[in-house]
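Q: Sequence first, then the predicted structure, then my questions.
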Amino acid sequence: MRKTFMIAECLRRYAWWRLNRSDDHDEGRNARSAVALLNAAAYAAELPEDAPVIDRLHAAGTFTDKEFRLPLPAERIVRFWHYEESSGTPDDLLEAIAAMAEPPKIPAQRDGEQPLHR
């Protein structure tokens, strides 16, 4: 299965979760979030397999044989995507997920300097 389809399927699951949570008192926030997630899923499904964001997610180990595993730090971003306000593109969402999946970057030491001690 294509990695882009795996990402799309993951985002669709969160969209359905949002739709199932909608009620008369949420002022359309759940529906807005669900539509944005479905839009992001469609965008992800159309990406080429060699897109840089797909390579970043693959390098971060987010894919199993048949499933895309949303990193825990990124789950909150996905769950609340467009919930309060409608800002950000599908590409912004995928970039945010990739950034949360990657290990933190540690600055390299400069030549000739002593390492930091705590």
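A: Arrived safely.
Q: residue ranges with poor pLDDT in the protein?
A: 108-118 (pLDDT under 70).
Q: which residues of it fall in helices?
A: 3-21, 29-46, 52-59, 72-79, 90-101 (DSSP state H).
Q: Look up the closest residue to the most centrally placed residue in the chain, ignoring the ones flanking it.
A: The centroid of the chain falls nearest to Ile97 when counting by CA atoms, centre = their mean (3.0 Å). The shortest distance from Ile97 to any non-neighbouring residue, by CB to CB, 6 or more residues apart in numbering, is to Ala74 (4.4 Å). Just so you know, the C-beta spots here come from the backbone N, C-alpha and C atoms, and that holds for glycine as well.
Q: For the one you found, give me its contacts.
A: By CB atoms under 8 Å, 6 or more residues apart in numbering, the residues touching Ala74 are 96-97, 100-101.
Q: Distance check, it against Glu67.
A: Distance, Ala74 to Glu67, using CB to CB, to the nearest Å: 15 Å.
Q: One more: Leu11?
A: Counting by CB to CB, the gap from Leu11 to Glu67 is 13 Å.
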